[in-house]
Structure formats: structure tokens, C-alpha cells
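Engineer: My questions concern the predicted model and sequence given below.
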Protein chains: 2
Amino acid sequence: MRLHVEAGRGATRKEADVAEAFAGDDAYPGPEGRAGAVPTMRDVAERAGVGLATVSRVVNELGSVRPATAERVRTAIVELGFQRNEVARALRPGQHSRTIGLLLGDLTNPFYATLAKAAVAVANAARFAVVLSTVDEDPEVEQQAIRELVGRRVAGLVIVPDQGDYRFLLEETGRRPLPVVFVDRPSAGAPGDSVVLDNEAGGRMATAHLLGHGHRRVAVLVAPSYYTTGRRLRGYRRAMRDADVPVDERLVVTLRQGTPEDAEAATRSLLALAEPPTAVFCTTGFLAEGAIRAVGAASRSVALVGFDDFPLADLLPVPLTVVATDPERMAETATELLLARIDGSAATSTRLVLPVRLVERGSGEIRPPAG
Amino acid sequence: MRLHVEAGRGATRKEADVAEAFAGDDAYPGPEGRAGAVPTMRDVAERAGVGLATVSRVVNELGSVRPATAERVRTAIVELGFQRNEVARALRPGQHSRTIGLLLGDLTNPFYATLAKAAVAVANAARFAVVLSTVDEDPEVEQQAIRELVGRRVAGLVIVPDQGDYRFLLEETGRRPLPVVFVDRPSAGAPGDSVVLDNEAGGRMATAHLLGHGHRRVAVLVAPSYYTTGRRLRGYRRAMRDADVPVDERLVVTLRQGTPEDAEAATRSLLALAEPPTAVFCTTGFLAEGAIRAVGAASRSVALVGFDDFPLADLLPVPLTVVATDPERMAETATELLLARIDGSAATSTRLVLPVRLVERGSGEIRPPAG
DNA sequence: ACTTGCTTTGGAAACGTATCCATCGAGTCC
DNA sequence: GGACTCGATGGATACGTTTCCAAAGCAAGT
């Protein structure tokens, strides 16, 4: 049993490494198990003394069944504890499984976690289940995950796309295209709605804010997520141009990985320049985290603006100014759009752009050293 | 279209509230759609010139099919882009859907997010899908969510239980009991394995640590999550007893809600006492957050120990000392246990207790004011 | 009273897969 | 060389639901 190995991991800990497995206190009933199998519609029909079709009509609340009959059926349902088998239901052609697939990145990132939370809430409220898949950067894995979901006949997909090509979705889903909503980033050429942030405006706001506080040497840290951070960078350039401040390309750093560690190192390098930046715009929450560490360790005080708010940002030694987004609203909107699409309303392709806003907390209002 | 309302929300924002929906640029193909429907096993069989059963045998890698035949079938599968319909598969008796249900609390809580991440990773690696349901405190809603999952014929459940009663699970799943693993808290009387933390040891370590730094008036903030924080409180009492320090019950505060706000208010009250505590043990991450705010606002410096680590804890003005847990490992272990159970191995009921460890960062090493 | 039309009801087929069982072919033993 | 064995293969059935279609019940109209 593989678990034994697992339980032994981390055995170097100081205390209470008592990963004990004691067994048999409340043993499972054997596979032969207990009496009643899961009741089916046929059981209900039999008990209520009606036909199978009638039970289905009652369950699905299609009309044309006499109130008295319906009541008998409902009684039988309650008595037996019947619950419709969604699997069998989804097998019928033209029926979907009341399930949507949710494909996103690392849940440890609060941004994705919030997306997931909101999507699940909206879907569950509509009695849809959510199949969650997390992918990290590997288009191969992602495509496999999508195929898997399609194989499970989900009714639609909410995807936070990687830079991959999603055109295969069109092939994949055969007769009628699977409803898909892309979140945070539009997909390249694939059919589907999308809900994104106004990234460019965010980048512009952040940069203009720093410029407005007297900074001229404003660095920008860009994560390799192509679309979003690219747009934010575009906003940066636009703000610089609007303020007639030339961009020093040495201050535009595109990171390889986008991890906090990566950003910390990059920030250190920036601060070690002959003419270091007096402000840094971090196009990502993770990047901001790394930059904070580097700046905190440095002697100089550097202005910072992050992207994506996170809890405790206001508790830092220098509270972090951020471009706050509303991932919750984004996911809600996306999921509602998907459900509408599944429902058959929402006929034409839609592309929503949600606003962002600047939250001033201190780190962005630091002025450059005189000179 | 409901979305219009949605897009209009938050319209008080300063800039870029350009929630514009423009349509029709790349319209969906109509419902009649494009050519090929999703290929089925029958299509594969036809193309390969073999019987349906043979295709099934190849797909499921049951032996007893001649290599040449198998190869023909595999070719046809690739050519057609066939993918097994998991829905139909799950309908067969004795087959499960290669899907597990994951039931937990607010994903915004990094603890749950990490659990979800790890569970999904393990499940997906075993080619299981994960249906995610989040519940918040309402046993009614939770039971409904579980029924829903059972109706979808999931192969098993990973549950972070509320205080509710899970015995109904036994009734619910009919003939053979549904494999269930409880995480973080054992369930009351329900059948199933569980994987929990050594909460009592954690509480003991935290308190002993504070006592060891000279504190005598050690307060404890308890969230109303019954099991875990109750155990942590028990550890607190035990450490106090071991050190022969009497417990002042006014310093034992059980919160109504367990939110940061709640904790902040409670901490303020504590600090306003005639004989305020010199140290606070927060039995929860959220509680620690609130306590940090209250302590930061106060003039006095108070020692703090939190429970559950979180990112940036080391970046706070006074880096937070915490009892660190390993939710990732917990979820991995739980999911592996569930898969083993589904697989039919792991016969007897199991209960695992995972160790915790103290991470000293500064806030717990503050000494009490002399006197 | 018999037809007409409508509502309510039940039977049966179909969805795509896994598996039982029968069949078929080839190799083996006597 | 023929019966027998064993592996490979195909046909048929069942899983639980929805839905098409037909039948039956019933009221109203002629």
C-alpha cells in the first residue's frame, strides 16, 4: 500500500510524528453491503403504480400529469429516497450532464482561488456541478485535460487559457460546438466568449500614478503570461508616452518564470544598476511579492505598485498600492454567460471587459529621492 | 439578458468602466453545426472491421486480442479521434465514473485552496476527475450537495466536514457504502477514513513556546469550528497545566464567527482588560490576521502565535510565528487513501494523524514586559 | 350515440459502453 | 486424422433515463 510510504515522509520532524494508522475500530461493511440498492425510476413507478414515463414527467416537471397521479409519484419518491441518476440522464442524446468544466491555474494563487470560488457558487446555484482541473503551463497536459472533460460530456467549459491554441476545441466537440467561456485572457482564434480585465487601463493607471508622484525612472516587471501582462505593459508604455517620459528598456524586465523568487532576483538586479529605478510597477501579484522582499532588504526606499489585490496587503511594513481587480465578478460573469450559452440564449459571441481600479495604500505614493 | 445587469454593477468606478459587449465578430456556427458527430466505439469497430467487443477490449487493455487486431483498432481510434464516453461507461453496473467529489469550505482560505490543489493533482494523476463543491456552514446545503454528488455516481468523496452528522451517508449509498475520506476533522459516527492534524500537539507547542519565553498571561482565541480548534484549545490547557500556570478563563475567548474582524474586536477587548494578556495564541489563520491588526494598532507589543502558515507571514512588520501545518500532504494522503479504497485495497478503516511544526519568526519570541 | 379533439398515460426505443455467452479457428494430443 | 482444448472474436443484453408514439380515457359537439 503506497500510503505507507507517504506517511513516512517528513519523518525528520521534531515532535508528534505519530502518523499512526490503527485499524478495525469501525470497519466497513463488506462489499456485499447492506440491503437496498439505489432505487431507480422503475422502482418508483412500480410503487406508485404508474408507468415509467409518468415518473419521468413528474421528476422533470413537464406538465400533463394529473395532480393526483403526480402526488402519488412524489410520495413514492420520498418513501424510497429516490434520486435521479444523473449519469443515465446525461447519456440521452441532446441532454447535458448539468456539469461544467473549470480549467485554471494554480489554486494557491488567490486570484485563481477566487475565480474558482465564484464559479462554483454560480454554477451550484443553478444546480450545475463543477469539474475542476488545474493545469500548469503545459499545453499538452491542458489539451489532455480538456479532452478528458469533453469525454465526460460536460455541458460547457470555463477556461483560463494558457497561451495555447484552442482551435482544436472546434474539432473536438463534433456536431454542435461546446459552449466555452474564456476568462482573464481571450483565446487565440478559438470560438467562445471571453471575459477579461481592462489590463491596459490598469497598466496605464499604475504607471501614471507613479509618474504623477514625480518618478521618471519607472521599472516594470512583466511575467511571461503573454496576454494579460503584455496588455499591462502596453498600458505602461502608453502612460510613459503620454507623459513624454522615454522608456529605458533596461527597466523593462520580462521574467522567465513569474515566480516571487524570480521577481526578487530581478528587482535586486534593477536596484544594483548605475541608475536604478525609483519605482517599480509589478504586473502580477506574485511579482509584487518578490519585489517587496527585494525592496525591503534594500537600503533605498522604492515606490511599488502591484497588480491584483491580496489579503494582508495593507498590513505590510509599507502597505502595498495595487491595481485591484475583481476576480469574483469576472468569474461570476463568465459562469453566468456560460450557463446562458448552454441554455441556448445568448446567441452571439460576446466579449466583456471589466474595469479595474487603483487602491492607494502607501507604497505607490513614495516620492523619488530628490535629485 | 441578465448579464446586462451584472455588467452595470459597480458603475461608480472612476475610470475605464467600459463593460462593453460587442457581438457578432466571430459568431457561433448554428446548432446544426458542422459535420462529424463525436465518434463512438461502434464507429471505431466499423472502421477497424472488428466487433464492438473487441474495441472495448483494446480500449480497456484486457488481454486476449491478437496484436495485429489490436493495432488495427488503435489506428482507427487515432484516425477518428475516438474518445471513450465516460458517461456511458459509468452507467454500467459495477463501474464507477472515475470521478471523486471534493467537498470543502471557502476557497479564499488558503488552507482550503491548498487542499483542493493537492487533491486535484493526485486525482488527475490517477485519471480521476474532481467535482468540486464548496459549502459554508450550512449542514442543510451540505447534505444537499452530497446527495447531488451521489446522484452523479461519484466513486468516492473527500470531505472536510462541518460539524454535521454524516451518518445519512450510510443510508444514501445503498448496496455498497460509498468510499469517503474525511479531512482535517473526523466525522461524527459516519463510516469512512480520516486524515487529521495533530491539533492538540500544535496547541501545546504554541502555548509552551510562549510560556517558555516568560509569558504567564497567555490568551487564546478559539474559532467555532469545534473539532480542530477545540483540540488546539485542549493542547493549550495541557501546556498550561504542564507548566503549572492556572488558566484565566477570561483569556479564553471563543468567537462567534471566526472572521478576522471578530478576532480583531476580541483582541482589542483582551488588551483593554485590567490585566491584559502579554501573549495571544490564535487557533486559526483568520484569527491571527485579526489579532495582528489589533496588536499593530495597540501601543503595547504582544506576542503572537498563529495556526496555519500563510504566504507573506514573514513579511509582516513583526514576522508571525506560526504552527505550520502541511495541508498539501494532508490532501494528498487523503486522496490516495480514497483512491486505494475505491480500488478495493485498503480494507479496514483508517485514521491518520499528521504532525505539525512550530515556525519561529519573531512574533512568538517577544518577551513579556518586565514586571 | 358516435365522432372529434384533447389530456393523460404507458410501452418501447435509444444513448454508448462492458460483459456474458456462443462461435469459430487453430493447434494439440491420442 | 479426428476429437478436444484454448484463445480470439462477435452478438446480444443490460445499465437508468428521456422521449417518441400510440393508446386510452374523457368531455364536448353534432
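Structural biologist: Structure's in. What do you need? Numbering: from 1, shown residues only, chains lettered A, B, ... in the order given.
Engineer: Once you drop chain neighbours, what's closest to the residue sitting furthest away from the middle of chain A?
Structural biologist: Most distant residue from the mean C-alpha position of chain A: A:Gly49, 48.2 Å away (Cα atoms, centre = their mean). Setting aside the residues directly before and after it, A:Gly49 is nearest to A:Arg72 in space (Cβ to Cβ, 6 or more residues apart in numbering or on different chains), at 7.1 Å. (C-beta placed from N, C-alpha, C; glycine too.)
Engineer: In contact with that neighbour, which residues?
Structural biologist: A:Ala48, A:Gly49, A:Val50 (Cβ atoms under 8 Å, 6 or more residues apart in numbering or on different chains).
Engineer: And for whatever residue of the stretch 1-150 of chain A ends up closest to DNA strand C, the neighbour number?
Structural biologist: Nearest residue of the stretch 1-150 of chain A to DNA strand C (Cβ to the nearest atom of the strand) works out as A:Gly51 at 2.9 Å. Residues lying near A:Gly51 (other Cβ atoms under 10 Å in any protein chain shown) number 12.
Engineer: from memory it sits against A:Ala45, does it?
Structural biologist: Yes - A:Gly51 lies in contact with A:Ala45 (Cβ atoms under 8 Å); the separation is 6.0 Å.
Engineer: Report pLDDT for the residue of the stretch 1-150 of chain A closest to DNA strand C.
Structural biologist: pLDDT, A:Gly51: 91.
Engineer: same thing with A:Pro110?
Structural biologist: Per-residue confidence (pLDDT) for A:Pro110: 88.
Engineer: Kindly report the same for A:Ile342.
Structural biologist: Looking at A:Ile342, its pLDDT reads 88.
Engineer: thought it was touching A:Gly156?
Structural biologist: Yes - A:Ile342 is in contact with A:Gly156 according to Cβ under 8 Å; the separation is 4.9 Å.
Engineer: who has more neighbours, those two?
Structural biologist: Taking other Cβ under 10 Å, A:Ile342 and A:Gly156 do not tie; A:Gly156 has more neighbours (24 against 19).
Engineer: measure the more buried one to DNA strand C for me?
Structural biologist: 18 Å (Cβ to the nearest atom of the strand, to the nearest Å).
Engineer: A:Leu352 now?
Structural biologist: Distance, A:Leu352 to DNA strand C, using Cβ to the nearest atom of the strand: 34 Å.
Engineer: Quick check: beta-bridge partners of that residue?
Structural biologist: A:Leu352 has these beta-bridge partners by DSSP bridges: A:Val195.
Engineer: Distance check, it against A:Gly189.
Structural biologist: Distance from A:Leu352 to A:Gly189, counting by Cβ to Cβ, to the nearest Å: 19 Å.
Engineer: Equivalent analysis for A:Arg351, please.
Structural biologist: Distance of A:Arg351 to A:Gly189, given as Cβ to Cβ: 14 Å.
Engineer: Please apply the same query to A:Arg300.
Structural biologist: Distance, A:Arg300 to A:Gly189, by Cβ to Cβ: 46 Å.
Engineer: what does the stretch 251-371 of chain A have sitting close to chain B?
Structural biologist: Counting by Cβ under 8 Å from any Cβ of the partner chain, the stretch 251-371 of chain A comes close to chain B at A:289, A:292-293, A:296, A:310-312, A:315-317, A:326, A:329, A:332-333, A:336-337, A:340, A:345-358.
Engineer: cutoff 7 Å now
Structural biologist: Within the stretch 251-371 of chain A, the residues that sit near chain B (Cβ under 7 Å from any Cβ of the partner chain) are A:289, A:292-293, A:296, A:312, A:315-317, A:332-333, A:336-337, A:340, A:345-346, A:348-357.
Engineer: List buried members of those by neighbour count.
Structural biologist: Among those, those buried by neighbour count (16 or more other Cβ atoms under 10 Å in any protein chain shown) are A:289, A:292-293, A:312, A:315-316, A:332-333, A:336-337, A:340, A:346, A:349-357.
Engineer: If we check DNA strand D, which of those residues are in contact?
Structural biologist: With Cβ under 7 Å from any atom of the strand as the criterion, those include none near DNA strand D.
Engineer: re the thing from before, determine if any part of the host helix or strand of the residue nearest to A:Gly49 is in contact with DNA strand C.
Structural biologist: Here A:Arg72, judged by DSSP states H and E, is contained in helix A:67-80. Yes - Helix A:67-80 reaches DNA strand C (Cβ under 7 Å from any atom of the strand) through A:Ala68, A:Thr69, A:Ala70.
Engineer: which other helices and strands contact the helix or strand just after that helix?
Structural biologist: Per DSSP H and E, helix A:67-80 leads on to helix A:86-91 as the next helix or strand towards the C-terminus. Under the contact criterion of 3 or more Cβ pairs under 7 Å, 6 or more residues apart in numbering or on different chains; DSSP states H and E, helix A:86-91 touches helix B:86-91.
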